[in-house]
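**Q** Please find the sequence and the predicted model below.
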Amino acid sequence: MKVSIPQESAAGETRVAIVPEVAKKLTTSGIEVVVEPGAGAAAHISDAALAEAGAKVEAGAGFTGDVVAKVAPPSAEEIAKIQRGSALIAFLQPLTNGEVAKALAGAGVTAFAMEAVPRTTRAQSMDALSSQATVAGYRAALIGAQELGRFFPMLTTAAGTIRPAKVLVLGAGVAGLQAIATARRLGAVVSAFDVRAAVKEQIESLGARFVELDIGLEDAESAGGYARALTDEEQQRQREALADVIAQQDVVISTAAVPGRAAPLLIIESAVERMAAGSAIVDLAAETGGNCELTEAGQTVVRHDVKIVGPVNLAASMPDHASQLYAKNVQALLGLMVDDEGAFKLDFEDDIIAGACITRDGEIVHEGARSAAGVEAPPPAAPTTTADAGDSSTGADQEG
């Protein structure tokens with residue numbers, strides 16, 4: 001099997017889908033790895049380091065593999081370079097970027113979205129959403145500390161005692177939990193809120209206080225461990241109750257998201273207005289509309305004397321370790337695409353391969369991606385007759 005790694009072309013994307021450690025493991029196992037020159041430069045990975053690890057560094061080879069592994073969704077020009085019948089592994093935004101799914105299907109590419117990898121125990125090593133959210137949560141706490149302009153820890157000095165900063169984290173997924181842990185390491189007094197009751201124990205295990213709102217809201221966890229979308233009435237009660245908590249904070253880090261939907265609005269303008277001058281909000285949901293009513297994606301703005309930071313693609317701000325984690329996720333997924341003899345083979349009976357697949361045989365096969373692309377599901381196959389029951393061309397590999 002040949003795996004190719006192109007240089008990322010998306011603006012601001014500094015990550016790469018391969019690192020020397022992973023390149024060495026892949027080549028040792030018999031997989032050929034080819035990398036475009038300079039592909040890892042933004043992540044401080046030299047061509048020489050990749051070559052020493054066994055990868056071939058070749059100009060123009062980024063889209064020549066049986067499998068093309070990259071980070072950001074491919075552009076139309078990049079899709080045109082992928083060979084028909086090849087596979088693509090990348091973040092593809094299947095629930096919101098229908099045009100990419102349509103283009104990949106039209107190009108005959110079998111595409112796998114890292115966002116669609118099932119959230120099962122067996123697939124944990126391939127969970128790129130979690131690995132990159134770990135980076136984002138860590139970085140968010142550092143941004144909060146930097147933008148606050150006050151100390152995070154309590155300090156006792158000859159000039160007096162400085163109280164610790166109070167930090168509230170909204171959403172206790174992977175990014176939120178990492179933000180909690182990092183803010184605690186920096187010495188802040190941390191509290192956190194999530195609509196899923198199951199995360200209370202995780203929040204408290206990190207030394208933070210779980211904020212309970214008396215709004216009559218039952219547990220709001222959906223299948224897969226994500227938070228479900230709340231009703232309009234539930235959201236309004238939640239915002240009003242949160243405003244009282246937010247007003248007492250020095251820093252708010254918001255991470256709440258619902259896959260395939262706009263980010264839930266949690267921080268209304270009146271809540272920001274009640275915060276102390278010089279406070280800060282770091283909104284990790286900026287790319288999908290923001291948890292704060294005043295967030296501007298990709299910008300840092302000051303409203304009511306409060307700094308509101310709306311970072312985008314935050315994991316790319318730490319490309320070295322973000323690439324290391326992502327490359328290991330890709331390596332784990334590639335392990336399911338090789339047969340016992342080292343040849344490229346896709347087994348669609350495997351729940352991970354089937355679940356992560358977005359396009360196949362010229363069709364969009366992922367339900368969410370079909371909806372985003374405005375494409376109806378294909379009609380069910382006609383029943384197999386006795387005459388063609390033994391025809392191997394009509395088998396399970398054409399389903400799903």
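**A** It's in.
**Q** Geometric centre of the chain: which residue is closest?
**A** Centroid-nearest residue in the chain, with C-alpha atoms, centre = their mean: residue 129, separated by 3.3 Å.
**Q** Quick check: that one vs residue 61, distance?
**A** Residue 129 sits at a distance of 28 Å from residue 61 (criterion: C-beta to C-beta, to the nearest Å). In short, each C-beta sits where N, CA and C put it, glycine included.
**Q** where exactly do the strands run in the stretch 301-400 of the chain?
**A** Using DSSP state E, counting those that start in this stretch, the strands of the stretch 301-400 of the chain run over 306-309, 357-360, 363-364.
**Q** Neighbouring strands - and their directions - for the first one?
**A** Translated: strand 306-309. strand 280-283 (parallel), strand 300-303 (antiparallel) (DSSP bridges).
**Q** Mean neighbour count, those: which tops it?
**A** Per-stretch averages of neighbours, counted by mean count of other C-beta atoms under 10 Å, single out strand 280-283 among those, with a mean of 29.
**Q** My guess is the residue nearest to the centre of the chain contacts residue 114. True?
**A** Yes: using C-beta atoms under 8 Å, residue 129 is in contact with residue 114, at 7.0 Å.
**Q** and the helix or strand of the chain with the lowest mean pLDDT, how far out from the chain's middle?
**A** In the chain, no helix or strand scores lower on mean pLDDT, DSSP states H and E than helix 232-246, which sits at a mean of 88. In terms of C-alpha atoms, centre = their mean, to the nearest Å, the centre of helix 232-246 is set 27 Å apart from its chain centre.
**Q** and the next helix or strand after that helix, how far out from the chain's middle?
**A** The helix or strand immediately downstream of helix 232-246 is strand 251-254, counting by DSSP states H and E. The chain centroid and the centroid of strand 251-254 are separated by 19 Å under C-alpha atoms, centre = their mean.
**Q** List the contacts of strand 251-254.
**A** Taking C-beta atoms under 8 Å, 6 or more residues apart in numbering as the criterion, the residues outside strand 251-254 that touch it are 140-141, 144-145, 147-148, 165-171, 176, 179, 183, 188, 246, 266-267, 275, 279-285, 290-292.
**Q** Can you check the pLDDT for the residue nearest to the centre of the chain?
**A** The predicted local distance difference test score for residue 129 is 96.
**Q** Point me to the helix or strand that includes the closest residue to residue 238 other than its chain neighbours.
**A** Closest residue to residue 238 apart from its sequence neighbours, by C-beta to C-beta, 6 or more residues apart in numbering: residue 215 at 6.0 Å. Secondary-structure element containing residue 215, defined by DSSP H and E: none, the residue being outside all helices and strands.
**Q** Hmm, residue 215 is touching residue 241, no?
**A** Yes: using C-beta under 8 Å, residue 215 is in contact with residue 241, at 5.2 Å.
**Q** for residue 170, phi and psi?
**A** Per-residue torsions, residue 170: phi -100, psi 120 (degrees, to the nearest 10).
**Q** OK, contacts around it?
**A** By C-beta under 8 Å, 6+ apart, the contact list for residue 170 reads 176, 192-194, 242, 252-256, 266-267, 291.
**Q** For it, name its beta-bridge partners.
**A** Residue 170 has the following beta-bridge partners by DSSP bridges: residue 193, residue 254.
**Q** Give me the distance between it and residue 267.
**A** From residue 170 across to residue 267, the span is 8 Å (C-beta to C-beta).
**Q** joint contacts of these two?
**A** Common neighbours of residue 170 and residue 267 are listed as 242, 252, 254, 291 (criterion: C-beta under 8 Å, 6+ apart).
**Q** ok, of the residues you listed, which come out buried?
**A** Those of those that meet the buried threshold are 242, 252, 254, 291, by 16 or more other C-beta atoms under 10 Å.
**Q** Out of those, flag the one nearest to residue 319.
**A** Set against residue 319, the nearest of these by C-beta to C-beta is residue 254 (23.9 Å).
**Q** so what pLDDT did the closest one get?
**A** Predicted confidence (pLDDT) for residue 254: 98.
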